[in-house]
Every structure is written in C-alpha cells, then in structure tokens.
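Engineer: need a structure here:
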Amino acid sequence: MYTSEIDASMAEISFIKSFISTLDSRPIKFPADYVIDPERVGRVPYLLPRLPAPHPSMPKKVHQTQAPGSSKSITVNLKSARNPSLEFKLSNQPISTTSVQDLKDAVRDRVVDGHGNKVALDKIKILYKRKPITGKTIAEILTDEPEMLGGGKEVEFGVMIMGGAKIVEEDQEMADRGSSPKAALGPSGEAVLETEAFWNDLEGYLGQRVKDNEEAKKLRGLFKEAWTSSR
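Structural biologist: Numbering: from 1, shown residues only. The predicted structure is shown next:
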C-alpha cells in the first residue's frame, strides 16, 4: 500500500515537471516584431479605421445681455376721461428711457389751469390700469408684462389733474369763432426745441410719414444733432 502511494506521487511529480517544461519552451510575451501567421489564424485581424483629425472648436458666441425693454419703443396713449377730456398719443417712445416725468411734461404742454398758467407737475398724476404708477420708467412699470416689453405695441396710461385744467387748443377754437384768443402759453421759439416733447412729437410725425419706426428714430437723431451743432 505504501509503495503504490509513492509510485502515484512520483507519477504526479513527473507530469508536473513535464508540463512546466512545456510552458518554459513557450515565449512569455510577443516580441516587438511579432507578426501573426494568417494560415494559423485563418483570417487577418480586423483593424479599426483611423479616426479623423478633430475639428477645431468653434468660438463661443458672446451674447450681449440687455436690460428688459432696452432699444425697444412703444406707442403711449395718454387719456384723461374728465376735467379736461384729453387724449393724445406719443409714438416711438423708448421703453427703457421714457420716464413718468416725460409723460407728465407731455401732458403739461397741452393743458393750463383756470388762470391760464401752466399746471404744476405735482398736480398731474399718471395712472396705469386705474392705479397710481410705481416705477420711474415705462420698462419698470411694465416689468410684469414681457409681451409689452418686446416693443411695437401700444400702452394706455390714465391722466388725472388735481384741481382740473383745460386744453390749450381751446384758445384756437375761440379764434375760429371770432373771439380774441389769449396769448400763446408755454415755451416758444428756441425754447420749444429744448423740450423733449417736441422731439417726441417730431419722431411720431416722421414715423407716420415714412411708416418705419427705426428710420424715424434715426431721422430724429439727425435733426436734433444738426440743431444742437448749429447753436
């Protein structure tokens, strides 16, 4: 029994030595100049196509951020239902820069008080949707209405004059009836050209004539620049 176990162990050892010898005769790794024999493999290995050279990255576009309503214009309809009954439009008003003060000035240029004098600015109230305006510019007033900030639309503001007033054009109606009109009120001559209301009215007129708001704005700038340089 003991002898047979020894013989079995020797046989295993002999097999292991033979197997290790076989492994030693094989290369551990392929040499750098190794080439596959196609006859041994049966087919050539598949080589992936060479990738094209990467395209240079496109420069990123720089988007200029603008304040809501900037470089956009809107038509402003100012309306007083009573005392006086007044309604007029200001065309092509820049949304981002036209202020409540500008709207009050436009109203003030068109009315007088009971004594024929200019109405004090603090007596002129501008309303939006029947509520006192909160905000200094049209853009701030319409901040919750993005569709209006896009420009090209018309917005209506209410007008309330504390103590009442009358429209300046009433004097012209008196002249048509043969009555003696009062002396012209408000600025005249070169002083008129110094008011923003004059240039707003000019731009509105040009916009109606050329039917192009952007062109009217350019013409306004040219006329104003020529007048300023000639002073």
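Engineer: Mind listing what's buried along stretch 129-149?
Structural biologist: Residues of stretch 129-149 classed as buried: Ile133, Thr137, Ile138, Ala139, Glu140, Ile141, Leu142, Met148, Leu149 (neighbour count, 16 or more other CB atoms under 10 Å). Glycine gets a C-beta too; all of them are placed from N, C-alpha and C.
Engineer: how far does it stretch from start to finish?
Structural biologist: End-to-end distance for stretch 129-149, by CA to CA, to the nearest Å: 17 Å.
Engineer: that's a strand at Leu48, yeah?
Structural biologist: No - per DSSP: H, G, I helix; E, B strand; the rest coil, Leu48 lies outside any strand segment and is coil.
Engineer: Where does the prediction get shaky in the protein?
Structural biologist: Along the chain, the parts satisfying pLDDT under 70 run over 1-8, 26-32, 34, 36-46, 55-71, 169-189.
Engineer: where do the helices sit along the protein?
Structural biologist: 2-24, 38-41, 100-108, 138-141, 146-149, 170-176, 190-193, 196-210, 213-230 (DSSP state H).
Engineer: per the record, what domains does the chain have?
Structural biologist: Following the TED database, one finds the domains of the chain at 73-167, 190-230.
Engineer: Nearest residue to Glu203 in space, please, no chain neighbours.
Structural biologist: Once flanking residues are discounted, Glu203 sits nearest to Arg220: 4.2 Å by CB to CB, 6 or more residues apart in numbering.
Engineer: How much space separates the one you found from Lys89?
Structural biologist: Arg220 sits 16 Å away from Lys89, going by CB to CB, to the nearest Å.
Engineer: Counting neighbours, go ahead and name the busier of the two.
Structural biologist: Arg220 (19 against 15; other CB atoms under 10 Å).
Engineer: what residues are up against that one?
Structural biologist: By CB atoms under 8 Å, 6 or more residues apart in numbering, the contact set of Arg220 is Trp199, Leu202, Glu203, Leu206.
Engineer: Ala216 now?
Structural biologist: Ser91, Asn92, Glu203, Gly204, Leu206, Gly207, Val210.
Engineer: now Val210
Structural biologist: Val210 neighbours (CB under 8 Å, 6+ apart): Ala216, Leu219.
Engineer: repeat that with 7 Å
Structural biologist: By CB atoms under 7 Å, 6 or more residues apart in numbering, the residues touching Val210 are Ala216.
Engineer: likewise Gln93?
Structural biologist: Ser73, Ile74, Val76, Ile138, Asn200.
Engineer: can you pick the most crowded of these?
Structural biologist: Ile138 (29 neighbours).
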